[in-house]
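*Asks:* Mind looking at a prediction? Sequence and model below.
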2 protein chains.
Amino acid sequence: MDHLYEKTVSSEKIYKGRIIDVSVEKVALPNGAEGMREIVRHPGAVAVIAKTKEGKYVFVRQFRKALNRTIVEIPAGKLEKNEIPADTAKRELYEETGYQCDELEHLISFYTSPGFADELIHIYLASELTLGDQHTDEDEFLDVLELTIEEAQQMVLTQEIYDAKTAYAVLYLQKMSDK
Amino acid sequence: MDHLYEKTVSSEKIYKGRIIDVSVEKVALPNGAEGMREIVRHPGAVAVIAKTKEGKYVFVRQFRKALNRTIVEIPAGKLEKNEIPADTAKRELYEETGYQCDELEHLISFYTSPGFADELIHIYLASELTLGDQHTDEDEFLDVLELTIEEAQQMVLTQEIYDAKTAYAVLYLQKMSDK
């Protein structure tokens, strides 16, 4: 048994939403005392950094209500039930940007915020792109933009790119291209 | 006016917790239709990658109830009210590891998951460390470990390091050391 393990004593469901569920768990701490953990459950998501035949990368500019501002991100979306992440990646890239990809490579996965959420994001690199039409969800509005990796890095510095998955993908690609 | 802006029509408070608050906002979408956004509000956090005089980096192994597993992270903690991030960084590093730092440099900040949460994490690099005693919160249990940057990178690959702030900090440091 892991000496840091926290056993669940009881769990209270607070909210069951469209994207997230929220619960509060009473746990037995390693010293026997009782603790309380607030937990957001999320189905998980994919994010796709897609390279065009011209060597640029495809980003979307999207309004994020949680931040009450528009930021630039790579295309992404939550996993649908029984959908494998690679299929979600292809679908979201196509819906948000109109691009279909012939090649898709898993780069890395990470938990966004393990202190309170179980959201796991899988990042893919898409290439060999063919452009069709955008087909966003009915509540999804976004601009598509294509950037060189240098432009994207600059936007990380100016914080127009400001989220974990996008900054991580840009840094990861840069690291690979330095090799 | 940003053409992607979503105006709040009404907001319902779902949960007011110890660390997070949850609300559901009805918004006016850019096409005039109504949409719904689930939002987790978080006070924001700091994370500290600390370099010892021997050139190793300080990590903590911590059980995360949201994942129901133990992962290795850099020391981190949420911002307390009226506390400036640099002070939170020094305090959390000291509480979790016993290390006090004479030098602290802000590396980068990022939103962990802007699709549903407003959590912003500020990453700091701490150096010129002096070791005292660990003083964790009463519901906080963790092991301290010191790793070379190469060992930390290996743990990113084996996914013992698996969260955004830690993977990002390790990758960022490696990028700086490549220069």
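*Replies:* Alright, I've got the coordinates.

*Asks:* Domain-wise, how is chain A divided?
*Replies:* A:7-41, A:45-110+A:119-178 (automatic domain parsing).

*Asks:* Determine which of these approaches B:Ser11 most closely.
*Replies:* Closest of the domains of chain A to B:Ser11 is domain A:45-110+A:119-178, at 10.2 Å (criterion: CB to CB). (Glycine included, C-beta is placed from N, CA and C.)

*Asks:* Low-confidence ranges, chain A, go.
*Replies:* Along chain A, the model assigns pLDDT under 70 to residues A:1, A:178-179.

*Asks:* Now A:Tyr160. Nearest residue, chain neighbours left out?
*Replies:* Actually, residue A:160 is Glu rather than Tyr. Among residues not flanking A:Glu160 along the chain, A:Val72 sits closest, at 5.3 Å (CB to CB, 6 or more residues apart in numbering or on different chains).

*Asks:* that older thread, tabulate the domains of chain A (TSV), appending mean neighbour count.
*Replies:* As requested, the domains of chain A are exported to TSV (neighbours: other CB atoms under 10 Å in any protein chain shown):
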stretch	mean neighbour count
domain A:7-41	15
domain A:45-110+A:119-178	18
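
*Asks:* Reformat those domains as CSV; add distance to B:Leu67.
*Replies:* Formatted as CSV, these follow (distance: least, CB to CB, whole Å):
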stretch, distance to B:Leu67
domain A:7-41, 10
domain A:45-110+A:119-178, 9
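
*Asks:* Does chain B have contacts with the longest helix along chain A?
*Replies:* The residue-count maximum for a helix in chain A (DSSP state H) belongs to helix A:164-178. Yes. Using CB under 8 Å from any CB of the partner chain, helix A:164-178 reaches chain B at A:164-165, A:167-168, A:171-172, A:174-175, A:178.

*Asks:* Check stretch A:79-89 too.
*Replies:* No. Remark: stretch A:79-89 sits outside contact range of chain B, by CB under 8 Å from any CB, the gap being at least 12.6 Å.

*Asks:* Which residues does the helix or strand in which A:Thr70 is found contact?
*Replies:* Assigned by DSSP states H and E, A:Thr70 belongs to strand A:69-73. Strand A:69-73 is contacted by residues A:47, A:59-64, A:145, A:155, A:160-163, A:165-166, B:2, B:4-5, B:111, B:114 when judged by CB atoms under 8 Å, 6 or more residues apart in numbering or on different chains.

*Asks:* what does stretch A:148-164 contact?
*Replies:* Stretch A:148-164 has contacts (CB under 8 Å, 6+ apart) with A:55-57, A:59, A:71-73, A:110, A:112, A:121, A:147, A:167, A:170-171, A:173-174, A:177, B:108-114, B:164-165, B:168.

*Asks:* chain center to it: distance?
*Replies:* Centre-to-centre, stretch A:148-164 and its host chain are 16 Å apart (CA atoms, centre = their mean, to the nearest Å).

*Asks:* quick one, the longest helix of chain A and helix B:164-178 angle?
*Replies:* Inter-element angle recorded for helix A:164-178 and helix B:164-178: 30 degrees (by axes from the mean of the first three to the mean of the last three CA atoms, to 10 degrees).

*Asks:* Just the element for the closest residue to A:Tyr15 other than its chain neighbours, please.
*Replies:* The shortest distance from A:Tyr15 to any non-neighbouring residue, by CB to CB, 6+ apart, is to A:Val22 (4.2 Å). Using DSSP H and E, A:Val22 sits in strand A:21-28.
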